[in-house]
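**Student:** Predicted model, plus sequence, below.
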Amino acid sequence: MQSKELIEKLERLAPPEYAESWDNPGLLVGSAKREVHKVYIALDADGEAVDRAVRCGCDMILTHHPLLFSAVKSIRDEDFIGHRLMMMIENRINYFAMHTNFDTAVMADLAADRLKLQNKQPLAMVRETESGLKGIGSTGDLTEEMTLADLAIFVRKAFNLPQVRCYGKPDTKIRRVSMCPGSGKGMDGDVLEAGGQVFITGDVDHHYGIDCVEKGICVIDAGHHGLEHIFVPFMEQWMQENCPEIETVTDGNQSPFFVV
């Protein structure tokens with residue numbers, strides 16, 4: 001399959017116009033005319049992912065987070081990003097990213113469904129689409145009321161995580177949940193407007209966590225990778241169903257850090 005044919009399918013799944021203005025999804029390295037027989041799927045195009053894609057003979061790397069967000073003034077092997085770009089170019093590997101457009105089109109519902117949220121609505125950046133309202137994050141109701149402590153365990157198991165961090169009293173009763181996979185810092189206003197009693201997201205620092213509690217919002221920090229790693233298995237299955245002629249390889253999808 002030509003790369004442009006695959007890109008057309010990917011952009012139907014996550015239209016580029018759904019991306020936020022600061023974002024940089026799409027074909028970032030390579031040629032739309034290049035034939036694609038094997039795709040490497042990862043959350044990030046880090047050095048290990050690029051090296052493995054080369055070793056596996058992949059023609060394209062597909063990630064959630066773009067490697068490039070701003071202009072690159074030089075591509076040099078001494079620079080860690082430049083090295084990855086050179087590896088892709090020298091090995092004729094296309095690189096395609098699906099970020100906030102995927103968050104809007106797919107990730108919000110995908111994450112909310114892991115918690116079986118009912119009466120879902122977008123948390124922010126709402127837009128009307130053929131399939132209904134879409135946006136960044138979701139707000140919905142749990143199937144039954146839980147304490148914050150029990151909900152934290154539920155989230156940990158639903159996303160297959162070793163641990164989560166919580167702000168708020170463990171026995172707080174929770175029914176309405178707001179969540180934003182990735183980094184949701186600064187969205188507490190959206191959570192309050194949506195009536196969320198708890199905010200499930202990643203990259204929560206000390207001050208933001210305690211400030212949210214002061215505003216009446218409990219917080220479960222499940223990590224940036226912790227909530228978004230679901231991109232990899234979803235896209236692997238999507239590729240198998242929509243492009244069965246293309247072989248897929250996925251990385252280990254391991255957290256970039258460990259807790260001692």
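**Tutor:** That came in fine, so what should we check first?
**Student:** ok, the most centrally placed residue in the chain to Trp238 distance?
**Tutor:** For the chain, the residue nearest the mean C-alpha position is Glu228 (3.8 Å; C-alpha atoms, centre = their mean). Using C-beta to C-beta, to the nearest Å, Glu228 is found at 16 Å from Trp238. Placement of C-beta: from N, CA and C, glycine included.
**Student:** Could you verify that His225 is part of a strand?
**Tutor:** No - under DSSP: H, G, I helix; E, B strand; the rest coil, His225 falls outside any strand and is assigned helix.
**Student:** how about it, what does it touch?
**Tutor:** Contact analysis of His225 by C-beta atoms under 8 Å, 6 or more residues apart in numbering lists Leu43, Gly202, Ser255, Pro256.
**Student:** The second one bridge partners, please.
**Tutor:** In other words, Gly202. Counting by DSSP bridges, Gly202 forms beta bridges with Ser183.
**Student:** Please look at it and Asp221 and confirm they touch.
**Tutor:** Yes - proximity of Gly202 to Asp221 meets the contact threshold set by C-beta atoms under 8 Å, at 6.1 Å.
**Student:** More neighbours: which of these two?
**Tutor:** Asp221 (25 against 21; other C-beta atoms under 10 Å).
**Student:** Give me the distance between that one and Ser183.
**Tutor:** Asp221 is 10 Å from Ser183, where distance means C-beta to C-beta.
**Student:** can you list residues touching both of the two?
**Tutor:** Counting by C-beta under 8 Å, 6+ apart, the residues touching both Asp221 and Ser183 are Thr201, Gly202, Asp203.
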